[in-house]
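Engineer: build me a structure from this.
(one chain, ligands or ions: 2)
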Amino acid sequence: MKELPELNVGVVGHIDHGKTTLLSQLTGKFTDTHSEELKRGITIKLGYADMTIYKDGSDYNIKKKGIAQRYVSFIDAPGHEMLMATMLSGAAIIDAALLVVSASEGIKPQTREHFMALQAKGIKNIIIIQNKIDLVSKEQALENYKKIKEFVKGSLSEDATIIPVSAQQKINIDKILEELCKLEIPKRDETSEPIFLVARSFDINKPGTTIEKLKGGVLGGILKKGKLKVGDEIEIKPGLSIKKANQQTYETLTTKILTLHKGSDSVKEVLPGVSISIETELDPFLTKTDSLTGCLASLKNKLPEISHNLKIKSNLFKEVLGTAEHQEVEPLKTKEMLMLSANTTITVGTVEKISGDNLELSLNIPVVALKGDNVGIARNINGHWRLIGFGEILE
Ligand code: GDP
Ligand code: MG
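Structural biologist: Ligands and ions are numbered 1, 2, ... in the order given. Now for the predicted structure:
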């Protein structure tokens, strides 16, 4: 099989603006091609959807008409504000985004917050979906279009394509396929040691499966760099969390890769790019119900030690983004609690030291800190974690 260019696309935007509807219209018809995977229960639990886009003359489709252009895997970000940090962490592994804006409601707090999160991660590949055009008049649609233009002005994505869509009525869905084929594919790093970001983990066995038919623990996520192949010995960190006499400790897991899956295809080797699943030799009991979400995996003995402290260079926004009313971001204080997201890890930390933009934090949940990685910074404001800026791991 010839390798198709691959793209990871996040679907973001305010709640109820139509993200999930759009995703099912874009990809939905071909769930049957994933039947093997559905049986194994991976796709559903992953919350990812993937598709191959074909081009036949000027017709872009997912019906296998014409020549295959691109393999796209989508990550549906939760619209709920309390899950914002999760969305942010997802942003670490996406190349591009569909920003869904309802033409009837316009730019809302989470539209702004998600957009700024993408900007902070340097993701400029954005297609703006002006959804629900069936609900507005032509004048309202134009007015809304102008507002979106104003909103992105001066940002990394000020020239982002805006496509008027009705996800519900399937209007302009093919236009989105065409635009997806135009997005630049980022260059992947295939030569470094592998870094696999664990987004989900499961036990895929049905109750009552006999021992000899039992599948090993499965990890779902994205290979950020390097290569992985069947038979590789891997380590997973921080790994298993163990509570001993009220002390939380972590135990690195080491195991072997039994099978690799990309979409519904079983593959021998994976290159960095889209989401994959790894079946391991681990006891599925250890991987069930997302117990390993947020971990990193690499070849044995290649990951740094986990750390309970983090040094970051911070870059705060002027304004809090996720609130409806205008609110300035107040300076950081020592001893305040922040929520941090790095790769697929979310942790809470206390600010111990501030010098200029540099912060030292002690963490409640340890992380595998990789120098240069991005960190989303959220602060608890009136009971909600709100994105207030981003940072870079110093050491
Ligand atoms: P999400 O929260 O962003 O994932 O939004 P959903 O996809 O769950 O959609 C929220 C509601 O908007 C649902 O009732 C959808 O049926 C409706 N909806 C989505 N797209 C459209 C559209 O293009 N037109 C109309 N009229 N309704 C839509
Ligand atoms: Mg949804």
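Engineer: and the residue of the stretch 101-250 of the chain nearest ligand 2?
Structural biologist: Closest to ligand 2 within the stretch 101-250 of the chain is residue 167: 11.1 Å, counting by C-beta to the ion. Using the backbone N, CA and C atoms, a C-beta is placed for each residue, glycine as well.
Engineer: for that residue, grab the count of nearby residues.
Structural biologist: Residue 167 has 25 neighbouring residues, counting by other C-beta atoms under 10 Å.
Engineer: my read is that it contacts residue 27, right?
Structural biologist: No. Using C-beta atoms under 8 Å, residue 167 makes no contact with residue 27, being 12.0 Å away.
Engineer: off-centre distance for the longest helix anywhere in the chain?
Structural biologist: Looking across the chain with DSSP state H, the single longest helix is helix 138-152. Computed by C-alpha atoms, centre = their mean, to the nearest Å, the chain-centroid distance of helix 138-152 equals 28 Å.
Engineer: could you do stretch 93-112 as well?
Structural biologist: On C-alpha atoms, centre = their mean, the centre of stretch 93-112 falls 15 Å from that of its chain.
Engineer: need the CA coordinates for it. CSV is fine.
Structural biologist: Extracted in CSV, the C-alpha atoms of stretch 93-112 (Å, rounded to 0.1, in the frame of the first residue of the first chain):
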residue,chain,number,x,y,z
ILE,A,93,-1.1,16.2,18.5
ILE,A,94,-3.1,18.0,15.8
ASP,A,95,-1.8,19.4,12.5
ALA,A,96,-4.8,21.4,11.6
ALA,A,97,-8.3,22.3,12.9
LEU,A,98,-11.8,22.8,11.7
LEU,A,99,-13.1,25.7,13.8
VAL,A,100,-16.9,25.5,13.8
VAL,A,101,-18.8,28.7,14.3
SER,A,102,-22.6,28.8,14.2
ALA,A,103,-23.8,31.4,11.8
SER,A,104,-26.8,32.1,14.0
GLU,A,105,-24.8,32.5,17.3
GLY,A,106,-21.5,33.8,16.1
ILE,A,107,-18.2,33.9,18.0
LYS,A,108,-18.7,32.7,21.6
PRO,A,109,-16.3,32.4,24.6
GLN,A,110,-15.2,28.9,23.7
THR,A,111,-14.7,29.8,20.0
ARG,A,112,-12.2,32.4,21.3
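Engineer: and the next helix or strand past the one helix or strand in the chain whose mean pLDDT sits lowest?
Structural biologist: When the helices and strands of the chain are scored by mean pLDDT, DSSP states H and E, helix 42-46 comes last with a mean of 34. Downstream of helix 42-46, the first helix or strand assigned by DSSP states H and E is strand 48-56.
Engineer: so what strands line up beside that following strand?
Structural biologist: If you go by DSSP bridges, strand 48-56 pairs up with strand 59-61 (antiparallel), strand 67-76 (antiparallel).
Engineer: buried residues in the last one?
Structural biologist: It refers to strand 67-76. 69, 70, 71, 72, 73, 74, 75, 76 (16 or more other C-beta atoms under 10 Å).
Engineer: residue numbers of the stretch 151-300 of the chain in contact with ligand 1?
Structural biologist: Counting by C-beta under 6 Å from any ligand atom, the residues of the stretch 151-300 of the chain lying close to ligand 1 are 166, 167, 168.
Engineer: distance to ligand 2 and mean pLDDT added to the strands paired with strand 48-56, as a markdown table?
Structural biologist: Putting the strands paired with strand 48-56 into a markdown table (distance: least, C-beta to the ion, whole Å; pLDDT from 0 to 100) gives the following:
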| stretch | distance to ligand 2 | mean pLDDT |
| --- | --- | --- |
| strand 59-61 | 24 | 95 |
| strand 67-76 | 6 | 87 |
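Engineer: got JSON lines for those strands, with distance to residue 338 too?
Structural biologist: Below are the strands paired with strand 48-56 laid out as JSON lines (distance: least, C-beta to C-beta, whole Å):
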{"stretch": "strand 59-61", "distance to residue 338": "43"}
{"stretch": "strand 67-76", "distance to residue 338": "24"}
